[in-house]
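Novice: sequence unknown, structure follows:
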């Protein structure tokens, strides 16, 4: 029995070591090779699949000692997978920024006064703004008209200044993804132009990376997300 147990442990260790070897190889490629958007998206899909396989289905028939061991290893693997996913998101953002620079260099100019989202829902926008000001995410003197223009409501004058977010950066990321995630492919590019966070420019790379980690593992979800969801969905 002892030999059988040793064989089992060695088999599991070899299995886990192969996963760590794959992670190291992925990091080597991502950090040293220039990848296309297709290559990055394929890598992301692969990581999601590997992460989803980190499950022990027959937990009722496993000992606590085994579950503690495998859960600890799975948590470490999830952390490493999440780090790679965050890195890939940053690389995808860099490609998007390079594409925007190329468009500008080809005289396809994105007018500064025309930077806004594209959601023409005035009543919804007004209610969300009212709730956000009430809960302290915007200062009382923040302009409703500026918010409506940035929101994408037709017929509004361009905003005079950026909207200054008073909450945390990850909360701003959640709000942007909740409101415009399904309607604007350039929501992060727009975010950097129209929002500040207590006077400072948002770090959209960090925002995307942090939000991706939360989406991949809801255990990391900030408690304030539930409050924001109620504000935005009213």
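Specialist: All right, it came through fine. Fair warning: this is a prediction, and the values are worked out from it, not measured in the lab.

Novice: going along the chain, name the helices of this protein.
Specialist: 2-32, 37-52, 64-105, 122-134, 144-151, 169-180, 187-194, 204-216, 224-233 (DSSP state H).

Novice: what separates the third one from the chain centre, distance-wise?
Specialist: The offset between the C-alpha centroid of helix 64-105 and the centroid of the whole chain comes to 10 Å, using Cα atoms, centre = their mean, to the nearest Å.

Novice: give the other helices and strands that it contacts.
Specialist: Judged by 3 or more Cβ pairs under 8 Å, 6 or more residues apart in numbering; DSSP states H and E, the packing partners of helix 64-105 are helix 2-32, helix 37-52, helix 187-194, helix 204-216. In short, each C-beta sits where N, CA and C put it, glycine included.

Novice: for those, give me JSON lines that also has mean neighbour count.
Specialist: Conversion of the helices and strands packed on helix 64-105 to JSON lines gives the following (neighbours: other Cβ atoms under 10 Å):
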{"stretch": "helix 2-32", "mean neighbour count": "11"}
{"stretch": "helix 37-52", "mean neighbour count": "14"}
{"stretch": "helix 187-194", "mean neighbour count": "19"}
{"stretch": "helix 204-216", "mean neighbour count": "19"}
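
Novice: about what we covered before: okay if I get the helices of the chain as TSV plus distance to residue 160?
Specialist: Formatted as TSV, the helices of the chain follow (distance: least, Cβ to Cβ, whole Å):
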stretch	distance to residue 160
helix 2-32	42
helix 37-52	36
helix 64-105	24
helix 122-134	16
helix 144-151	6
helix 169-180	20
helix 187-194	11
helix 204-216	22
helix 224-233	24
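
Novice: nearest to residue 161, of those helices?
Specialist: Residue 161 lies closest to helix 144-151 among the helices of the chain, at 7.0 Å (Cβ to Cβ).

Novice: before we move on, the earlier item: of all the helices of the chain, which one comes closest to residue 162?
Specialist: helix 187-194 (5.7 Å).
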